[in-house]
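Asks: Sequence and predicted structure, then a few things I'm wondering about:
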Amino acid sequence: MQSPVRAVALCTLLVLAGCAGGPVPTDGDGRMPLDTDTPTPTAATPSTPVDAPPSATASPDGIEAEVIGVVDGDTIDVRLPNGSEDTVRLLGVDTPEVHAENDPAEFPGVPDTEAGRDCLRSWGERASEHAKDELAGKTVTLSFDANEPRRGYFGRLLAYVHVDGESFNYGLLTQGLARRYDDSGFEYRDRYGAAEDAARTNGVGLWGACAVDDPQTATETPFAVADGGEPLRIEAIHPDAAGDDRENLNDEYVTFGNAGDETIDLAGWTVSDEADHTYTFPEGAEIGPNGTITLHTGSGEDGDGHLYWGEGSPVWNNDGDTVIVRNASGETVLERSYDG
C-alpha cells in the first residue's frame, strides 16, 4: 500500500505542475480565455492550416462538421463527427455586431454617429443572413492556425471554415461583410489585410454603404432620399471585372441598396459616369426594405435584383471614376467617387 505522506506529496507536485505553462492565448475577439483546458476535437487536424482564397480548387484538410446554427456573421454552431456539438468563432475576421453595440472606430472611415452605428448593424444583419444562406445545414471543413490556440475566451473553437472547397472567412472580406480582425497574430494577416483594402478601395459592401471620406466631420452616412423619403445607398462599385473587362462586362457593376423600411421605386432615375454614359432605370425597378439591386454593364435579362445596362464596352474606369445618380426630375441626388 502506498504511504499516505507520499500520496499527498505526489498530488501536490501534480497541482503545482498544472500551474506552469506558456503565455495565455486570446481568442478571435482578442479576449483572454476563461478555460484553456476545454477539450478540443479528437479528430485529426492538419499541422499547417490551409486557407485558400475562393478561386482555389484544392480542398483543405481538417475536421468535417455539420453547421447546425448561425449565431451571427462570424460565429456558428456545429456538430462534430463524434456527435458532440460546439461553437466556432471564425478566425481572422470580424463582422459588425448584431447582439451588441458597434464601435465605428473599428471600421475605418465609418463615422462615429448614430447613422454610422445603424449602418454597421444593418450590415451585421446582412452578414448573418449571408452565413445562414451559405452555411446552415451544410457540411463544412474546419482548419486551424499554428499561431492561434484551438479555443478562446468563451471556449469557442477558433477556426477557418471552408465550404465547397472555398474559404468562407476570406469571402466575408472580399464581399465587404467584415473587417480583418487585427488583435490577433493569425498566419494569414497579410492576405486578409489585402482583401479588406481592396474592398474598401472599391466601396464593396459595408465600405461603400457606411464609410465616408472624412469621418471626423461627417454627421450622416451618405445616401440619396428616393421618392417617398426612403434612403438609397451605393453599396458596392466593382469596376475591374475578372480577366479582360471587355470580355466580362457583367462582372463590372454597381450595387444599390435600400436602407429604409419601404420599397424604393427607381423608375425614371438615372446612373451616369464622368463621361456621361447614362442608364435609365426602367419601370418596375424597385428595391425592397434592406434589399439591393445590381446594375451590370453588359447584357442580360432583368430580374431577381439584377439589371443590365446593355453596353458593348466597359463604362466604369478601373483607375477611378464617379457614380452619379439623378432622380426622375434630373436632379443630382447622390455622387460617389472611387480611386483605382
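Replies: Sure thing, it's come through.

Asks: hang on, isn't Lys138 packed against Val163?
Replies: Yes - Lys138 is in contact with Val163 according to CB atoms under 8 Å; the separation is 5.8 Å. Yep, even glycine has a C-beta here, placed from its N, CA and C like the rest.

Asks: how about Asn250, what does it touch?
Replies: Ala241, His296, Thr297, Gly298, Ser299, Gly300, Tyr308 (CB atoms under 8 Å, 6 or more residues apart in numbering).

Asks: Just to be sure, which of those residues are found in helices?
Replies: Per DSSP state H, helices hold no members of the contacts of Asn250.

Asks: Now a ChimeraX select for only the buried ones of these.
Replies: The ChimeraX selection below is limited to those of the contacts of Asn250 classed as buried (16 or more other CB atoms under 10 Å):
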select :241,296,297,298,308
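
Asks: Where does Leu142 fall, secondary structure wise?
Replies: Using DSSP states H and E, Leu142 sits within strand 139-143.

Asks: same for that strand, what does it pack against?
Replies: Contacts defined by 3 or more CB pairs under 8 Å, 6 or more residues apart in numbering; DSSP states H and E place strand 139-143 against strand 63-72, strand 157-163.

Asks: quick one: buried residues of it?
Replies: The neighbour-count check on strand 139-143 (16+ other CB under 10 Å) flags Val140, Thr141, Leu142, Ser143 as buried.

Asks: Just the closest of those residues to Ser272, please.
Replies: Val140 (42.7 Å; CB to CB).

Asks: Now for that closest one: which residues touch it?
Replies: Contacts for Val140 were tallied using CB under 8 Å, 6+ apart; they are Glu64, Ala65, Glu66, Val67, Val78, Val161, His162, Val163, Phe168.

Asks: Ramachandran angles for Gly73?
Replies: Gly73 adopts backbone torsions of phi -60, psi -30, taken as degrees, to the nearest 10.

Asks: Might you report the residue contacts of it?
Replies: Here Gly73 is in contact with Thr95, Pro96, Val98, Gly124, Arg126, Ala127, Ser128, His130, Ala131, Leu172, Leu177, Ala178 (criterion: CB under 8 Å, 6+ apart).

Asks: Mind doing that once more with 10 Å?
Replies: 90, 93-98, 123-132, 172, 177-178 (CB atoms under 10 Å, 6 or more residues apart in numbering).

Asks: Could you do Leu90 as well?
Replies: With contacts defined as CB under 10 Å, 6+ apart, the neighbours of Leu90 are 28, 72-76, 131, 142, 156-161, 167-169, 172, 178, 181.
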